[in-house]
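[1] Please work out how this folds:
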Amino acid sequence: METLQTKSRRQILLEAIRTVTGAFGLPLSPNQERDILTYFLTLHDWNRSINLTGIREPDLLVYKHLGDSLIFEMFMDEKTESLLDIGTGQGVPGLILKIIRPQMYVVLAEAVKKKCSFLNYVSSLLNLSGLKVEEGRLEKGARPEAMPEGGFDMVVSQAAGSLNWLLDLSVKLFSEKGKIASLKGPSVKGEIDAIKRRAEGLGLQVVVRETLLPVLNHERVMVLFERAHNKS
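    Reported below is the predicted structural model:
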């Protein structure tokens, strides 16, 4: 692999973006590719002075954060119109999914002020309409101020807490035909049996799908909750 001394940061990021989207077979428009590149350039800049993510290498930023976001995209319905990302951190997956699906209404919930500042800055920089940043810790039973009528089509969380925690926060926030999605590492398998029993008591069914993060080949487990009456 060439070093930063022989290859520009922009080139490294762009090549990584094209590698990841190619692995998913996801074509990007020139505007989408530009916006994703701008996002990662900005994230890398901010991360030098504000700890937004523990990943410092520009290509690894893309391989992990874009890769994880696109795993979520794989499990989204074509007609998903609204999404809530709980504990979004630096905008993974919600902000990236907004770039991929610009017509989707997205709310990013984040408790850490400096991360909200970053999210608001990027949203303004990319002129992302239909995206809201809600600062503060989302508590059990609370409803986001920007919640659409009937709830969100999808509530997502990228390794922000336990499955029980996510259910506590999300069970009244997603629409009748919507779903909750949590992307985890392989250690989540120890939670699955207990969460299936709890979900059944809430009228939900659980779907578990194992996959790999492209390029890095890290194990990922997608856990999906949806209302039992929506299952075929």
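[2] how far does the lengthiest helix in the chain sit from the chain's center?
    Counting residues, the longest helix found in the chain (DSSP state H) is helix 30-47. Relative to the centre of its chain, helix 30-47 is centred 16 Å away, using Cα atoms, centre = their mean, to the nearest Å.
[3] ok, how many other residues are close to the nearest residue to Gly87 once chain neighbours are set aside?
    Sequence neighbours aside, Ala160 is the residue nearest to Gly87 in space, at 3.0 Å (criterion: Cβ to Cβ, 6 or more residues apart in numbering). Bear in mind the C-beta positions are built from the backbone N, C-alpha and C, glycine included. Residues within reach of Ala160, counting by other Cβ atoms under 10 Å, total 21.
[4] Return the residues in contact with Ala160.
    86-87, 89, 166 (Cβ atoms under 8 Å, 6 or more residues apart in numbering).
[5] for these, which one is nearest Phe24?
    Using Cβ to Cβ, Gly89 is the member of these that lies nearest Phe24, at 21.2 Å.
[6] what kind of secondary structure is the nearest residue to that closest one once chain neighbours are set aside in?
    Among residues not flanking Gly89 along the chain, Lys115 sits closest, at 5.8 Å (Cβ to Cβ, 6+ apart). Three-state call for Lys115 (DSSP: H, G, I helix; E, B strand; the rest coil): helix.
[7] Just confirm Lys115 contacts Thr53, I think it does.
    No: assessed by Cβ atoms under 8 Å, Lys115 is found out of contact with Thr53, at 9.6 Å.
[8] between those two, what contacts are shared?
    Residues touching both Lys115 and Thr53 (Cβ under 8 Å, 6+ apart): 89-90.
[9] Who has more neighbours out of those two?
    Set Lys115 next to Thr53 and count neighbours by other Cβ under 10 Å: Lys115 wins out with 23 against 17.
[10] who's in contact with that one?
    Contacts of Lys115 (Cβ under 8 Å, 6+ apart): 52, 88-90.
[11] Likewise for Arg220?
    With Cβ under 8 Å, 6+ apart, Arg220 has these contacts: 68, 71, 183-185, 210-213.
[12] Which residues in the helix or strand in which it is found does the neighbour count mark as buried?
    Using DSSP states H and E, Arg220 sits within strand 218-227. Within strand 218-227, the residues that count as buried by 16 or more other Cβ atoms under 10 Å are 220-227.
[13] repeat for stretch 145-159
    Residues 146-147, 151-158 are the ones in stretch 145-159 that count as buried (16+ other Cβ under 10 Å).
[14] so what's Ser232 scoring on pLDDT?
    What the model reports for Ser232 is a pLDDT of 45.
[15] Good, wrapping up.
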